[in-house]
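Please find the sequence and the predicted model below.
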Amino acid sequence: MASDTEPQPTTRARSFDTAAAQYAANRPSYPPALLDAVEERATSPLKGAVVADVGAGTGIATALLRERGARVVAVEPGAAMAAELRRALPDVPLVRGDGDHLPLASACADFITYAQAWHWTDVTRSVPEARRVLRPGGTLAVWWNTTDHTVGWLADQDARVRAFLDAPDAGGAHGARGGGRIQPDPPVFDFVQRRIPWTRRVPLATHLANLGSHSAFLMLGEARAQEFLTEERRVLSALFPDGTVEESYVVDLWTATR
């Protein structure tokens, strides 16, 4: 049961609430190979399993998990993000909360998943909480879509983003998971990493809206963010005159068994 007290994440973590519809419409999903890889590391299949999808956002991963036959409970702290999830997936149970204080009973979940959300937690709290909520033999899976900067035009864009933000690492502005730790020291879980490349072809407008939905740009404010995105549209229109871009990603997946 969810607590009546809502969590208070950092301002940057809650910035997505200001652009929930933009996030839902433009963020990339995940390739089928991702959930295949999760199941390969698990002791049971997703079909019929109880899955807590934490930091569920607008429900991008939640929908994929449900399509696999999982019984998904979404956990999301942001009001606007939760509203988008309810609109898209009205039959999925949703509770307000975050990974540092899971509003879930002990030993109730076969899987706990975090899509683009683990780095917003305090691992000294979220790791013990995951262990508490997982059943023995249950699987914790955390993953990020990271931009593949081995692709030339994406590496060039990343350099422009970093220069504009005056930041050595674009981090959350451009699809990276940042420098957050996977777990505390000493370690609690025996994590296994896997990397899964994939691509999607989208209109240039979708690519720019996706970029603008990252927290670093949301924190700049609309006028300053549009300053970059307008110039970026000019640059990319010359590179992709047909108005379509192929975004390249590598899903960075970490799994562990309780």
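Happy to help now that I have it. All values reported here derive from a predicted model rather than from experimental measurement. Residues are numbered from 1 along each chain as shown.

Going by C-alpha atoms from here, please, whenever you check contacts or count neighbours.
OK.

For Thr58, give me its contacts.
Ala20, Tyr23, Ala24, Met81, Ala82, Ala83, Glu84, Leu85, Ala88 (CA atoms under 8 Å, 6 or more residues apart in numbering).

name the element the closest residue in space to it that isn't next to it in sequence belongs to?
Excluding the flanking residues, the one nearest Thr58 by CA to CA, 6 or more residues apart in numbering is Leu85, at 4.3 Å. Assigned by DSSP states H and E, Leu85 falls within helix 79-88.

Using PDB, list the CA coordinates for that helix.
What follows is helix 79-88, C-alpha atoms only, in PDB (Å, rounded to 0.1, in the frame of the first residue of the first chain):
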ATOM      1  CA  ALA A  79       2.400  13.400 -10.400                       C
ATOM      2  CA  ALA A  80       2.500  14.400 -14.000                       C
ATOM      3  CA  MET A  81       4.500  11.300 -15.100                       C
ATOM      4  CA  ALA A  82       2.000   9.200 -13.100                       C
ATOM      5  CA  ALA A  83      -0.900  10.800 -14.800                       C
ATOM      6  CA  GLU A  84       0.600  10.000 -18.200                       C
ATOM      7  CA  LEU A  85       1.000   6.400 -17.200                       C
ATOM      8  CA  ARG A  86      -2.500   6.200 -15.900                       C
ATOM      9  CA  ARG A  87      -3.800   7.600 -19.300                       C
ATOM     10  CA  ALA A  88      -1.700   5.100 -21.300                       C
END
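
So for that helix, what gets flagged as buried?
Across helix 79-88, burial judged by 16 or more other CA atoms under 10 Å covers Ala79, Ala80, Met81, Ala82, Ala83, Glu84, Leu85, Arg86.

was I right about the residue nearest to Thr58 contacting Gly55?
No. Leu85 is not in contact with Gly55 according to CA atoms under 8 Å; the separation is 11.2 Å.

phi, psi of the residue most central in space within the chain?
What sits nearest the mean C-alpha location of the chain, by CA atoms, centre = their mean, is Gln116, with 1.9 Å. The phi and psi torsions at Gln116 (degrees, to the nearest 10) take the values phi 60, psi 30.

Would you state the strands of the chain in chain order?
Here the chain has its strands, by DSSP state E, at 50-54, 71-75, 94-95, 109-115, 134-147, 192-203, 244-257.

for those strands, which one sits closest to Ser213?
strand 134-147 (14.0 Å; CA to CA).
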